[in-house]
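**Student:** pasting the structure only:
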Ligand code: MN
Ligand code: MN
């Protein structure tokens, strides 16, 4: 049962356009706060995009996502889940990155998440570009490799960029497999599409046993069937959920650095998350929302709507465990 302190401000009491825009209008509980051990799900901002190889901007993501998150209400209209009544949720603030030093930033991110996890917090992240997931996984999978369900139009499994750079938003999961953070046989990547440099990423996936479900197969089989397979792949084991907003068709989510046409619509974007019901989620992220390319604000709104769906399945699972 949740503590009243962790109840979000209701739009019935204070209009949603008023007040300080924390994530989903939750209280802020920083790493130094005595209440940190009471937090079950902590929403953390990673305002960092130093791994971006083309159009930047996700460093502005957390602030825009916080603003848009004031639109969220307390109850999931489709599933009826009321996450804030199931577990204690809080806004843990942002990791302070070093925008000019990738290695230093990654150490800062890992240290922040390690402290939160030591306190018993399950992290839900607002990125940040997709390189953010690597230092987060270094904290989440410190002791044992985890499985992963990954929504994206890209595999992010390339080896290097620009003649040898190993840390970009196109390489995080290659590194995570090499570092023993991910069990590749419990990794599924869904929504892959678009033009490609070559097949190096796909060859790596095949060699280590990562399952790739391209968008053609996704639409041919349909969401319930594809997601049943995804749940089978990860089984009951600890699983990380990584959600790149470019999984969604750019008609619905244009505010991102590397859009690819021919993707799921906004309804399908939340349907896949509802299908994660029961998965043993040990952390989740929403990455690559880029406010400079999001002139309507609609991409950030979709991003936090997906985060709310993630929060619902995470809270339901934690409350039942
Ligand atoms: Mn990605
Ligand atoms: Mn992508």
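**Tutor:** Received the coordinates, thanks. What you see is a predicted model, and the numbers here were worked out from it, not measured in a lab. Residues are numbered from 1 along each chain as shown. Ligands and ions are numbered 1, 2, ... in the order given.

**Student:** wasn't residue 64 part of a helix?
**Tutor:** Yes: assignment of residue 64 by DSSP: H, G, I helix; E, B strand; the rest coil places it within a helix.

**Student:** show me what contacts it?
**Tutor:** Contacts for residue 64 (CB atoms under 8 Å, 6 or more residues apart in numbering) come out as 289, 291, 294, 297, 300. The way it works is simple: take the backbone N, C-alpha and C, and place the C-beta from them, glycine included.

**Student:** change it to 7 Å
**Tutor:** Listed by CB atoms under 7 Å, 6 or more residues apart in numbering, the contact partners of residue 64 are 289, 291, 294, 300.

**Student:** confirm that residue 203 sits in a helix.
**Tutor:** Yes: looking at residue 203 with three-state DSSP, it is inside a helix.

**Student:** kindly provide the distance from it to residue 155.
**Tutor:** 11 Å (CB to CB, to the nearest Å).

**Student:** any stretches of the stretch 101-250 of the chain with poor pLDDT?
**Tutor:** Residue ranges of the stretch 101-250 of the chain with pLDDT under 70: none are present.

**Student:** the protein: helices as residue ranges?
**Tutor:** Counting by DSSP state H, the chain has helices at residues 61-69, 83-86, 102-118, 133-140, 172-178, 200-208, 215-221, 223-234, 266-274, 298-320.

**Student:** now, of these, which is deepest in the fold?
**Tutor:** Among the helices of the chain, helix 133-140 has the highest mean neighbour count (mean count of other CB atoms under 10 Å), at a mean of 26.

**Student:** and that helix, how far out from the chain middle?
**Tutor:** 12 Å (CA atoms, centre = their mean, to the nearest Å).

**Student:** now stretch 81-89
**Tutor:** On CA atoms, centre = their mean, the centre of stretch 81-89 falls 19 Å from the chain's centre.

**Student:** one more: stretch 152-163?
**Tutor:** That offset, for stretch 152-163, works out to 18 Å (CA atoms, centre = their mean).

**Student:** hmm, who's touching that stretch?
**Tutor:** Residues contacting stretch 152-163 (CB under 7 Å, 6+ apart): 53, 130, 166, 168-174, 189, 191-194, 200-202, 204-205, 212, 244, 246-247, 258, 260, 263.

**Student:** let's see which of those residues end up in strands.
**Tutor:** Cross-referencing the contacts of stretch 152-163 against strands under DSSP state E gives 189, 191, 192, 212, 244.

**Student:** would JSON lines of those with neighbour count and distance to ligand 2 be doable?
**Tutor:** Formatted as JSON lines, these follow (neighbours: other CB atoms under 10 Å; distance: CB to the ion, whole Å):
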{"residue": "189", "neighbour count": "27", "distance to ligand 2": "10"}
{"residue": "191", "neighbour count": "31", "distance to ligand 2": "9"}
{"residue": "192", "neighbour count": "26", "distance to ligand 2": "9"}
{"residue": "212", "neighbour count": "18", "distance to ligand 2": "13"}
{"residue": "244", "neighbour count": "27", "distance to ligand 2": "4"}
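
**Student:** filter these down to the ones near ligand 1?
**Tutor:** residue 244 (CB under 5 Å from the ion).

**Student:** show me which of the ones in strands among the contacts of stretch 152-163 is closest to residue 79.
**Tutor:** residue 191 (22.1 Å; CB to CB).

**Student:** you'd agree that closest one is up against residue 150?
**Tutor:** No: counting by CB atoms under 7 Å, residue 191 sits too far from residue 150 to count as a contact (8.7 Å).

**Student:** thought residue 112 was touching residue 95?
**Tutor:** Yes: if you go by CB under 7 Å, residue 112 and residue 95 touch, sitting 4.4 Å apart.

**Student:** show me where the stretch 1-150 of the chain has its strands.
**Tutor:** Using DSSP state E, counting those that start in this stretch, the strands of the stretch 1-150 of the chain run over residues 41-46, 89-94, 122-127, 146-151.
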